[in-house]
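The amino acid sequence is not available; the structure is as follows:
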């Protein structure tokens, strides 16, 4: 009884939860229950991340995916629903299409997973002192500094460590554009026509005025 | 804990299971104990504010046994599920709220290194998990099949999603000062007298603390932000259809959440377990002297932390019985037009302060009074100040190296 491996037990628990609720998403008809299953499935995946010792990714999973699904549930389902409890009927064609796409993705992922030689055979449990992972390295990499590459012994490989600043900036600008667009679409429509004088209806000052 | 059990030759599986169970039980005791104490405090404080006495007879002079009596009464009530409700979701919702409120305590440190799960991203974990608490409320409101509940849930969703933004911006400020998201490290950074607390670090952090508290009250769904259960408009909001035990479970999520935001405020801004007066270090109760002394020092620190948490709860109760409820548009205006811009400005201000005058007001004052004897630690800190390199440093490095190598020096 000395060989109870809690890690494996919790891996199986979270993995079964994730898969079970994923099946639940497919077989349920009620949209809100579907979203709940999706939240539970994504939460179980976050649990897998925590189990792997990657707390940052786990917390991001909780914040972005689980929290995001929640917002989707609220604003996508509750605000657009006409009846009290919406149920969704899927036709046969949609089932076939979804099965083909899902099956193809599963095949690709399985092929990739089984092609990794380290995962083929069960390894003996070796307790290894992993370095304490910190989020600081990740943060610096997002700001364009790859500190982790400084430890590379080969100076040729040490170059080209531009980090992810460009990607980070592009995503940030993209999100700002989306936010501004959403705010523009959501605001109350104003009546077109001449604005009342004295309520901000003046035109912008000419360019020269600002330079004086 | 597990190491101790292993040292007295317990089998490994038993050692880890027992250690896990003890930690879970301790955390559950904190969560439920904070709920019981807060309910009693709420009754007493609200009574005093309204010039009443509150509970006086249940269990002695001060009504100590009022929370168990309340609990017993509610357990005996009939458990009603409306015919229009979505049964499984309706039953599930309170437990989601409670589980998330309980999970957050995993990452909350009670004293130096006394934390169930010391995470490198502790603050982020707490923000992420406490944001999920609203899921139970939304689900409960939707599954009740009642318009009042649905309105309450919609308001709650809009409010919590909005207030997460300024709250996260405020939390970033202490993280920026310490340079870590580890809550234990943030707490230890403020060791010493009360002027080492982050709230007194500089004027910007002082303002940030008040913005944080505003958002914290809003995120726990308490008055004056309790729009989701506004009884004068929405009967009881998302709680309208709940009764008996499930209703209790919702409140066992709300009160621990109050303790959590106060505790987080205490770690981030009010020194955590480091008191106004550093009693533990003045009495040499540090692990360097003796392990037991360090343990007693930590115990004092934990009492200090819990006292600050209870003080925070008391202030929230005081606010609830003092201020009138806001309208929903006023709630959104407070968040989007005041809290978010103010928090962003404070964040920028702290960045500027850390770049120009690292070390806080106290360190600066120390240097002004005795500029000749500059603290060695301060000098080291100043050299390691974060930020882009100064022009002089840039000119010093003219080797053909990539730019970012220079940055990391």
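Noted; the coordinates are in hand. Just so we're clear, the structure is a prediction, and the values are computed from it rather than from any experiment. Residues are numbered from 1 along each chain as shown, chains lettered A, B, ... in the order given.

switch to C-alpha atoms for all contacts and neighbour counts from now on
Noted.

what's the helix or strand for the closest residue to residue B:272 other than its chain neighbours?
Nearest residue to residue B:272 in three dimensions, chain neighbours excluded: residue B:266, at 4.8 Å (CA to CA, 6 or more residues apart in numbering or on different chains). Counting by DSSP states H and E, the element that carries residue B:266 is helix B:244-268.

as a whole number, average confidence for that helix?
Across helix B:244-268, pLDDT averages out at 87.

Stretch B:115-132 too?
pLDDT averaged over stretch B:115-132 gives 85.

ok, and for it, which residues are buried?
Using 16 or more other CA atoms under 10 Å in any protein chain shown as the test for burial, stretch B:115-132 gives B:115-116, B:118-132.

restrict those to contacts with chain A.
Residues of the buried residues of stretch B:115-132 in contact with chain A (CA under 8 Å from any CA of the partner chain): B:119-121, B:124-125, B:128-129, B:131-132.

Reformat these as JSON lines; add secondary structure.
Output for these, formatted as JSON lines (DSSP: H, G, I helix; E, B strand; the rest coil):
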{"residue": "B:119", "secondary structure": "coil"}
{"residue": "B:120", "secondary structure": "coil"}
{"residue": "B:121", "secondary structure": "coil"}
{"residue": "B:124", "secondary structure": "helix"}
{"residue": "B:125", "secondary structure": "helix"}
{"residue": "B:128", "secondary structure": "helix"}
{"residue": "B:129", "secondary structure": "helix"}
{"residue": "B:131", "secondary structure": "coil"}
{"residue": "B:132", "secondary structure": "coil"}
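
Give me every residue in the stretch 151-300 of chain B that's in contact range of chain A.
B:154, B:157, B:180.

how about a cut-off of 10 Å?
B:153-154, B:157-158, B:161, B:179-182 (CA under 10 Å from any CA of the partner chain).

Please pick the buried ones from those.
Counted by 16+ other CA under 10 Å, these give B:153-154, B:157-158, B:180-182 as buried.

how much space between residue B:58 and chain A?
42 Å (CA to the nearest CA, to the nearest Å).

Contacts only, for the closest residue in space to residue B:144 that isn't next to it in sequence.
Nearest residue to residue B:144 in three dimensions, chain neighbours excluded: residue B:85, at 4.6 Å (CA to CA, 6+ apart). Contacts were defined as CA atoms under 10 Å, 6 or more residues apart in numbering or on different chains; by that measure residue B:85 touches A:84-85, B:91, B:140-146, B:241.

Determine which two of those residues are furthest apart.
Greatest spatial distance among the contacts of residue B:85 (CA to CA): A:84 and B:91, at 17.7 Å.

who has more neighbours, the two?
Each of residue A:84 and residue B:91 has its neighbours counted (other CA atoms under 10 Å in any protein chain shown); residue B:91 has more, 18 against 15.

residue of chain A with the smallest distance to chain B?
residue A:63 (4.8 Å; CA to the nearest CA).

Walk me through the domains of the chain.
Using chain A. A:1-86, A:134-187 (automatic domain parsing).

other chain: chain B
Taking automatic domain parsing as the reference, chain B has its domains at B:38-71, B:77-358.

Now do the first one, average pLDDT.
Read that as domain B:38-71. Mean pLDDT, domain B:38-71: 83.

cool, and stretch B:19-29?
Rounded mean pLDDT across stretch B:19-29 is 85.

anything in that stretch near chain A?
No. Counting by CA under 10 Å from any CA, chain A has no neighbours in stretch B:19-29; the shortest distance is 11.3 Å.

and residue B:377, what pLDDT?
pLDDT, read off for residue B:377, is 48.

Show residues contacting the helix or strand residue A:167 falls within.
Assigned by DSSP H and E, residue A:167 falls within helix A:165-186. Defining contact as CA under 10 Å, 6+ apart, one finds that helix A:165-186 is touched by A:140-145.

Please identify the deepest-packed of the domains of chain B.
domain B:77-358 (a mean of 21; mean count of other CA atoms under 10 Å in any protein chain shown).

Now do the end-to-end distance for that domain.
By CA to CA, to the nearest Å, the extent of domain B:77-358 from end to end equals 59 Å.

Work out the gap between that domain and the centre of the chain.
Chain-centre distance of domain B:77-358: 4 Å, with CA atoms, centre = their mean, to the nearest Å.

So which residues on the stretch 1-150 of chain B come close to chain A?
Counting by CA under 10 Å from any CA, the residues of the stretch 1-150 of chain B that sit close to chain A are B:11-14, B:16-17, B:84-86, B:88-89, B:119-135, B:138-139, B:142-143, B:145-147, B:150.

Of the residues you listed, which belong to helices?
Members of the residues of the stretch 1-150 of chain B next to chain A lying in helices (criterion: DSSP state H): B:12-14, B:16-17, B:88-89, B:122-130, B:133-135, B:138-139, B:142-143, B:147, B:150.

Identify the residue spatially nearest to the closest residue to chain A within the stretch 201-350 of chain B, adjacent ones excluded.
Nearest residue of the stretch 201-350 of chain B to chain A (CA to the nearest CA) works out as residue B:336 at 12.0 Å. Counting by CA to CA, 6+ apart, residue B:162 is the residue found nearest to residue B:336 once chain neighbours are left out, at 7.4 Å.

Assumed that neighbour was part of a helix.
Yes. The assignment for residue B:162 (three-state DSSP) places it in a helix.

pLDDT weak spots in chain A?
For chain A, applying pLDDT under 70 flags the ranges A:1-4, A:74, A:78-88, A:118-133, A:148-153, A:155-162, A:188-212.

ranges for the strands of it?
Counting by DSSP state E, chain A has no strands to list.

would you list every one of the helices in it?
Going by DSSP H, chain A shows helices at A:6-27, A:31-51, A:55-60, A:67-71, A:92-114, A:135-142, A:155-158, A:165-186, A:207-211.

Columns mean neighbour count on top of the ones you listed, output as TSV?
Shown next, in TSV, are these (neighbours: other CA atoms under 10 Å in any protein chain shown):
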stretch	mean neighbour count
helix A:6-27	16
helix A:31-51	22
helix A:55-60	21
helix A:67-71	19
helix A:92-114	11
helix A:135-142	17
helix A:155-158	11
helix A:165-186	12
helix A:207-211	7
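
Cheers, nothing more for now.
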